[in-house]
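[1] predicted structure and sequence below. I'll ask about it afterward.
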Amino acid sequence: MSKLYHCVDDRWVEHSHSPIFHLHESGSGTPRVAATAPGGDPMVLRSLTDCLTPPFILLYVLLVPSGEGEPGRYESPEISRAQLHGFLDRFADYLQNDSRFDLWVHSPDDRATVVWDQHNLIWAYGPTEQFVTTLRMLGFQNGRPTIDFEHMHHYRTTFDGDAKAVLEAFDWHRAPLQPQDEQ
């Protein structure tokens, strides 16, 4: 099971990125790390957020709901590292195998954010040297993460219960989707 598929010989097959990352300047001149989440493994996000100082604010960007709620940007109250880890552990299967969302983790103290998008790409803004060190310790190599191939997202009804439970996990504040949320 996977959230992302690509076409090989006229068949749709699961796609897993290679473990690669790239350090570069964003359009604003702020350095960022672009990385992959091979197989949609939440451990990559967790490891990068372990470089940050709590408390955290989650932004769960629900792009394609399946009856669990309205599309939108769901912002959590401040949460602890233990609460973040609990959330990632509780919803690991859903986060790994369903494409209906993006997930952002922000550290106000560090003014840093790690974004995991529905393409299993991760964008990390903040302590880039720590991010790079962490990724190298996880076996990542230099490369250019991209999604420049024909692909298909999977939205699995088997995870509808988990998707609903995500919206019950915190006292979220919902705002409409923004134009940049469209991918």
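    Structure received. Numbers count the residues shown, from 1 in each chain.
[2] wait, Pro65 sits on Pro71?
    Yes - the criterion here is Cβ atoms under 8 Å, and Pro65 meets it with Pro71 at 5.5 Å. Where C-beta positions appear, they are placed from N, C-alpha and C, glycine not excepted.
[3] what bits of this protein have low per-residue confidence?
    1, 4-7, 12-16, 26-28, 148-158, 183 (pLDDT under 70).
[4] helices along that one, start to end?
    With DSSP state H, the ranges of helices along the chain come out as 42-49, 81-90, 92-97, 128-137, 160-169.
[5] buried ones in the second one?
    The one in question is helix 81-90. Gln83, Leu84, Phe87, Leu88 (16 or more other Cβ atoms under 10 Å).
[6] distance to Tyr60 for these - can I get that in CSV?
    Putting these into CSV (distance: Cβ to Cβ, whole Å) gives the following:
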residue, distance to Tyr60
Gln83, 14
Leu84, 12
Phe87, 10
Leu88, 12
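[7] and which of these is nearest to Pro127?
    Closest to Pro127 out of the buried residues of helix 81-90 is Leu84 (16.7 Å), distances taken as Cβ to Cβ.
[8] that closest one and Leu103 touch, don't they?
    No - counting by Cβ under 8 Å, Leu103 is not a contact partner of Leu84; they are 10.6 Å apart.
[9] could you name every residue contacting both of these two?
    Residues touching both Leu84 and Leu103 (Cβ atoms under 8 Å, 6 or more residues apart in numbering) are Leu58.
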